[in-house]
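Colleague: coords below, sequence missing:
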């Protein structure tokens, strides 16, 4: 889970002792392996169990504020490892895939705020009748997820989110022989 590149070195995130996370991850003498394991376990448990950060922090023996910081730092590290859409499409062409599948989906959330210019809630999806964010997911023909876009507010139509995040690259890939099935 530790970053493999120095791209995180410019991050303002720091470890409890004030060291930048990249310094901690790269073997700085003040870095504790037990601390790294504690952080990784907290993040993995949050993803797997959908537990409350208060409970996860308590189990890890840290404050709730530190738990939230560890969670957000861990998510940032994972997000930095996510592949670029252009790289994914190049890999798909190289593997000889006949097509890819693009689908927009709402990721439900219960803690959102924001108002559109027409006074409707920005994060409420009229299509799904629920609060959340819209993401575009590119999958292999067998359904294996290959790429996920950044999130857009739930009120954003799927086609708009696709135009923002995926369609320009997918048009180019289609011209090069990798069509996209949009669901």
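Modeller: In hand now; what should we look at? Bear in mind that the values here come from a model prediction, so they are computed numbers and not experimental data.

Colleague: Now the one helix or strand residue 66 maps to: average pLDDT?
Modeller: Assessed by DSSP states H and E, residue 66 sits inside helix 64-80. Mean per-residue pLDDT for helix 64-80: 91.

Colleague: What are the boundaries of the strands in this protein?
Modeller: Assigned by DSSP state E, the chain shows strands spanning 100-108, 124-125, 130-139, 145-148, 152-153, 180-182.

Colleague: strands paired with the last one, and their directions?
Modeller: Applying DSSP bridges, strand 180-182 is found paired with strand 100-108 (parallel).

Colleague: can you state the direction angle for the partner strand and strand 130-139?
Modeller: On the basis of axes from the mean of the first three to the mean of the last three C-alpha atoms, to 10 degrees, strand 100-108 is oriented at 160 degrees to strand 130-139.

Colleague: if we look at strand 100-108, which residues are touching it?
Modeller: The set of residues external to strand 100-108 that reach it, using C-beta atoms under 8 Å, 6 or more residues apart in numbering, is 89, 92, 125, 127-128, 130-141, 143, 146, 151, 154, 158, 161-162, 166, 170, 173, 178-183. To be clear about C-beta, it is placed using only N, CA and C from the backbone, and glycine gets the same treatment.

Colleague: Please identify the buried residues of it?
Modeller: For strand 100-108, a neighbour-count test (16 or more other C-beta atoms under 10 Å) marks 100, 101, 102, 103, 104, 106 as buried.

Colleague: quick one on the thing from earlier: what about burial for the contacts of strand 100-108, which qualify?
Modeller: Taking 16+ other C-beta under 10 Å as the criterion, what is buried in these is 89, 92, 125, 131-139, 146, 151, 154, 158, 161-162, 166, 170, 173, 178, 180, 182.
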